[in-house]
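**Student:** coordinates only, sequence not included:
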């Protein structure tokens, strides 16, 4: 299998941090998003949606959802488990990971893609032109603020996003927070002390530092 | 475990069709979305996001993502498998299911919630007021059209959304298509013959008819 990737972008970063936490190495094919290589005919022939990352399996299957990629990698190398161990824990990790994606990552994408000049006519991923909507940029910032507040509340009871153990949901949340703060020029709210503590702790994990 | 639900709404319908395909019965608690019961303090105490469905496990865990609920139900009752059998097949089902959710269901939600009068200030799920954005309603319709075209292309090679076998991705796609057509008053495009054929076949499955 091989990973088509551009590590600086947030979605590929999720997979790279996952691989680092697993201490796993796989073949990588660099696709330069800065020059628009992911929108080229050559890459569209591999993955017509033109998004990154893409995990190409040995049987030719191309996976393009970060979460599906991570789930497949977990079956290839189960240890350490990053998707939970018991059925209930797996369910909590899955549910919380999706919550982060729907409420956090999508909010950041709304805010970022609808406001940044370089994203003109790229308000959604892919080759089809999609115009920016300024009201959506504003809504994205508001949603991201709500997301940080809600995540702070969840972290007031547990050390990690899905409970007492580090999981893929922490990776998704870290990438979301880092990209949201940088991409929309925002700050962690002062009153989100649990979130700030978690952010420091997770950012300092050796695998996270090695994965970046 | 028990399922908090309102079967007429699209997201709960995904879980009901999944249960029907499994021939599985579980305790249900009816929450009346028509009267706004899901936005009440009583329901917010169970699930603060105020979305449906919610699967409450015996240990008190509440799952609110349809996909996480279905994945947990698959572990409780593995047969018939609806999330794939081999690791590669599971990965394809997972990836395609997420593709349908991100490109289809989100498009329909954009189009529906930003245009229907009853959704004023409810452009996103939950109790926080979110204003409708007319441009987003229009974008949702456009995205849904693209989604139908792309899905038709996928179905030109395989009988089902994730390959040669019926899976949860077909349920997600069926609910998305049905809700999109009804909610946005649209029609299946005339040239999407594979999509139309799939839609007829899946709609006529005994379990799908029993689940509705």
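**Tutor:** Received the coordinates, thanks. All of these numbers come straight from a predicted model, not from anything done at the bench. Numbering: from 1, shown residues only, chains lettered A, B, ... in the order given.
**Student:** Would you indicate which residues of the longest helix seen in chain A are buried?
**Tutor:** Across chain A, the helix with the greatest residue count (assigned by DSSP state H) is helix A:134-155. Along helix A:134-155, these residues count as buried under the neighbour rule (16 or more other CB atoms under 10 Å in any protein chain shown): A:136-137, A:139-141, A:143-148, A:150-152, A:154-155. The way it works is simple: take the backbone N, C-alpha and C, and place the C-beta from them, glycine included.
**Student:** show me which of those residues neighbour chain B.
**Tutor:** If you filter those for contact with chain B, counting by CB under 8 Å from any CB of the partner chain, you are left with A:136, A:139, A:143, A:146, A:150.
**Student:** Adding pLDDT, write those residues out as TSV.
**Tutor:** Written out in TSV, the entries for those read as follows (pLDDT from 0 to 100):
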residue	pLDDT
A:136	97
A:139	97
A:143	98
A:146	98
A:150	97
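**Student:** Max pairwise distance over the residues you listed: which two?
**Tutor:** Farthest apart among those by CB to CB are A:136 and A:150. That separation is 20.2 Å.
**Student:** Could you list which residues are in contact with the closest residue in space to residue A:150 that isn't next to it in sequence?
**Tutor:** Residue nearest to residue A:150 in three dimensions, not counting chain neighbours: residue A:103, with 7.2 Å by CB to CB, 6 or more residues apart in numbering or on different chains. Neighbouring residues of residue A:103 by CB atoms under 8 Å, 6 or more residues apart in numbering or on different chains: A:143, A:146, A:147, A:150.
**Student:** So the closest residue to the third one other than its chain neighbours: helix, strand or coil?
**Tutor:** To tie it back to what came earlier, the one meant is residue A:147. Counting by CB to CB, 6+ apart, residue A:104 is the residue found nearest to residue A:147 once chain neighbours are left out, at 4.4 Å. Secondary structure assignment for residue A:104 (DSSP: H, G, I helix; E, B strand; the rest coil): helix.
**Student:** hang on, isn't residue A:104 packed against residue A:144?
**Tutor:** Yes. In this structure, residue A:104 sits in contact with residue A:144. The criterion is CB atoms under 8 Å, and the distance is 7.1 Å.
**Student:** residues in chain A within reach of chain B, list them.
**Tutor:** Residues of chain A found near chain B, taking CB under 8 Å from any CB as the criterion, are A:48-49, A:57, A:59, A:61, A:63-65, A:67-69, A:71-72, A:75-76, A:87-88, A:90-92, A:94-95, A:98-99, A:102, A:106, A:124, A:128, A:130, A:133, A:135-136, A:139, A:143, A:146, A:150.
**Student:** I'd like to know which of these are buried.
**Tutor:** Neighbour-count burial within these applies to A:49, A:57, A:61, A:63-65, A:67-69, A:71-72, A:88, A:90-92, A:94-95, A:98-99, A:102, A:106, A:124, A:130, A:133, A:136, A:139, A:143, A:146, A:150; the criterion is 16+ other CB under 10 Å.
**Student:** List the ones among these that fall in strands.
**Tutor:** Within those, residues falling in strands by DSSP state E are residue A:63.
**Student:** Sounds good, over and out.
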